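Chemist: quick one: sequence and predicted model below, then my questions.
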Amino acid sequence: MQAVKMVITGPFSAGKTEFIGTISEIDVVSTERKISSSAEKIKDSTTVAMDFGRITVDDDLVLYLFGTPGQRRFDFMWDILSQGMLGFVVMVDSTKPETFREAKRILETFESYASTPYVVAANKQDQEDAWDPEDLRIILRLREDVKILPCVAVDKESVKNVLLELLYSILEQLDQDDNVD
């Protein structure tokens with residue numbers, strides 16, 4: 001059985017917990033806590049350590065999904081959660097341009113942890129004010145080879161497509177690594 005660790009990261013309220021909950025075959029292990037500060041009343045709770053979900057792809061392959069906290073005060077967990085990851089997803093709320101700079105910073109931080117494949121998920125593409133993924137590519141200054149994928153975190157097919165794209169990139173890199181040895 002091959003286990004693949006994927007990290008789902010991104011700014012506060014980008015949809016990471018929802019993304020994992022939509023696809024996980026187990027109840028998501030979550031460290032959500034109530035938000036007490038009125039400044040962040042976008043939602044009632046936030047992830048303080050991690051979210052964890054699992055997907056069995058087939059008899060030979062299982063995906064472990066680790067969601068990171070999005071708030072800077074919990075970013076010490078990012079390095080811990082990145083240990084052993086084979087790839088990561090950066091979730092971006094494409095309706096909130098004020099979070100794009102933070103998304104870019106998070107992406108660069110995770111790139112510095114390990115040279116693993118990653119994709120960017122442009123979440124909330126079902127909403128009228130969502131930025132087009134290619135416009136996000138420009139504002140986030142993503143290279144052409146970085147996959148930026150439309151996503152709706154509450155839609156299972158959408159989440160599956162993002163994870164499959166990442167999985168294909170991971171398997172391609174593993175295959176290249178095997179051929180180098």
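Modeler: Happy to help now that I have it.
Chemist: how near is Q2 to L63?
Modeler: Going from Q2 to L63 by C-beta to C-beta, to the nearest Å gives 10 Å. Bear in mind the C-beta positions are built from the backbone N, C-alpha and C, glycine included.
Chemist: look at the two and report which has more neighbours.
Modeler: Neighbours were counted for Q2 and for L63 using other C-beta atoms under 10 Å; L63 has more, 23 against 12.
Chemist: just the pLDDT for the more buried one.
Modeler: Here the pLDDT value assigned to L63 is 96.
Chemist: in what helix or strand does the residue nearest to it when sequence neighbours are not counted lie?
Modeler: Leaving out its chain neighbours, the residue that sits closest to L63 by C-beta to C-beta, 6 or more residues apart in numbering is I55, at 4.5 Å. Using DSSP states H and E, the element containing I55 is strand 45-58.
Chemist: next SSE after that strand?
Modeler: Going down the chain from strand 45-58, the next helix or strand is strand 61-67, by DSSP H and E.
Chemist: sheet-wise, list the partners of that following strand with their directions.
Modeler: Paired neighbours of strand 61-67 in the sheet (DSSP bridges): strand 2-9 (parallel), strand 45-58 (antiparallel).
Chemist: out of those strands, which comes closest to P97?
Modeler: strand 2-9 (18.8 Å; C-beta to C-beta).
Chemist: what's next to that closest one, contact-wise?
Modeler: Residues outside strand 2-9 that contact it (C-beta atoms under 8 Å, 6 or more residues apart in numbering): 16, 19-20, 51, 60-68, 70, 78, 81-82, 84-91, 106, 110, 163, 166-167, 170.
Chemist: which element follows that strand toward the C-terminus?
Modeler: Per DSSP H and E, strand 2-9 leads on to helix 16-23 as the next helix or strand towards the C-terminus.
Chemist: alpha carbons of that following helix, as PDB, please.
Modeler: Taking C-alpha atoms only, helix 16-23 is exported to PDB below (Å, rounded to 0.1, in the frame of the first residue of the first chain):
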ATOM      1  CA  LYS A  16      -9.300  24.300   3.400                       C
ATOM      2  CA  THR A  17     -11.400  22.600   6.000                       C
ATOM      3  CA  GLU A  18     -14.400  22.500   3.700                       C
ATOM      4  CA  PHE A  19     -12.200  21.100   0.900                       C
ATOM      5  CA  ILE A  20     -11.000  18.200   3.100                       C
ATOM      6  CA  GLY A  21     -14.400  17.500   4.500                       C
ATOM      7  CA  THR A  22     -16.000  17.300   1.100                       C
ATOM      8  CA  ILE A  23     -13.700  14.400  -0.100                       C
END
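Chemist: give me the mean pLDDT for that helix.
Modeler: 95.
Chemist: which strands or helices does that helix pack on?
Modeler: On a contact count with 3 or more C-beta pairs under 8 Å, 6 or more residues apart in numbering; DSSP states H and E, helix 16-23 meets strand 2-9, strand 45-58, strand 61-67, strand 87-93, helix 156-180.
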